[in-house]
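1. A predicted structure for the sequence below; I have some questions about it.
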Amino acid sequence: MSVVKPNIGPHGGRVKNPLNFDNAYARVRANPDRTYHTTGNHTAFVVVATLGTRGKHANERVLRFMSEGKERARAYYCCWGHLTNCNSTHIDIYTKAIHAG
């Protein structure tokens, strides 16, 4: 079942993530095949730690949240700690799921 969240704009709201962006990026790089589950409906996803390839985020570190072989969202350093990313996509269900343990 798909949940439609309200559009609150880019970098909308605040969220407390278990790890800061640097630690989350390092954790994902060290565990590239780990499966996580969203904090919402527990959908399985993997995270790809890479660099942006174009636009204003070219060559910046990015965490890409993938489910069923498709990118569902992404987070750059500037997005971390917000409910939404630069494109107004809700990322908190992914970012809160990356934690130590």
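-> Arrived safely, thanks for sending.
2. Tell me which residues of the lengthiest helix in the chain come out buried.
-> In the chain, assigned by DSSP state H, the helix with the most residues is helix 21-30. Of all the residues in helix 21-30, those buried under the rule 16 or more other Cβ atoms under 10 Å are 21, 24-25, 27-28. C-beta coordinates here come from the backbone N, C-alpha and C atoms, glycine included.
3. Report all helices and strands that the helix or strand just after that helix contacts.
-> Following helix 21-30 in sequence order, the next helix or strand is strand 36-37 (DSSP states H and E). Counting by 3 or more Cβ pairs under 8 Å, 6 or more residues apart in numbering; DSSP states H and E, the packing neighbours recorded for strand 36-37 are strand 44-51.
4. Pull out the buried positions in the strand it packs on.
-> 45-47, 49.
5. So for it, mean pLDDT?
-> For strand 44-51, the mean per-residue pLDDT is 96.
6. Give me the helices and strands touching that strand, please.
-> helix 21-30, strand 36-37, strand 61-67.
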